[in-house]
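J.: Sharing a sequence plus its predicted fold:
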Amino acid sequence: MGGGFGAGPGGFCVCPNCGEKVAHQLGVPCYEQTCPKCGTAMTRE
């Protein structure tokens, strides 16, 4: 039923390397975003 949202539309993406947090963008998985500070792939918080 439904589906499409891994962890929901809200929340944050966090960098596993330096800890930087950015707001999750709807339709863009966190692992496709790079950290604005160090360039590492982000993960979902």
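T.: The structure has been received and is ready for your questions.

J.: going forward, measure contacts between C-alpha atoms and count neighbours the same way
T.: Fine.

J.: Please list all residues in contact with residue 23.
T.: 10-13 (Cα atoms under 8 Å, 6 or more residues apart in numbering).

J.: 7 Å instead, please
T.: With contact taken as Cα atoms under 7 Å, 6 or more residues apart in numbering, residue 23 is in contact with 11-13.

J.: Check residue 15 too.
T.: By Cα under 7 Å, 6+ apart, the residues touching residue 15 are 21, 35, 40-43.

J.: Same check on residue 32?
T.: Neighbouring residues of residue 32 by Cα under 7 Å, 6+ apart: residue 41.

J.: Residue 10: neighbour count?
T.: 11 (other Cα atoms under 10 Å).

J.: I'd say it and residue 24 touch.
T.: Yes: the criterion here is Cα atoms under 7 Å, and residue 10 meets it with residue 24 at 6.2 Å.

J.: Looking at the contacts of residue 23, spot the one nearest residue 29.
T.: Nearest to residue 29, judged by Cα to Cα, of the contacts of residue 23 is residue 13 at 8.8 Å.

J.: That closest one: how many residues sit nearby?
T.: Using other Cα under 10 Å, the number of residues around residue 13 comes to 24.

J.: now residue 43
T.: Per other Cα under 10 Å, the neighbour tally for residue 43 reads 19.

J.: and residue 28, how many residues sit next to it?
T.: 10.

J.: same deal with residue 42?
T.: Neighbour count for residue 42, taken as other Cα under 10 Å: 24.

J.: Show the contacting residues for it.
T.: Per Cα under 7 Å, 6+ apart, neighbours of residue 42: 13-16, 30-31, 33-35.

J.: could you redo the last one with a cut-off of 8 Å?
T.: Counting by Cα under 8 Å, 6+ apart, residue 42 touches 13-16, 30-35.
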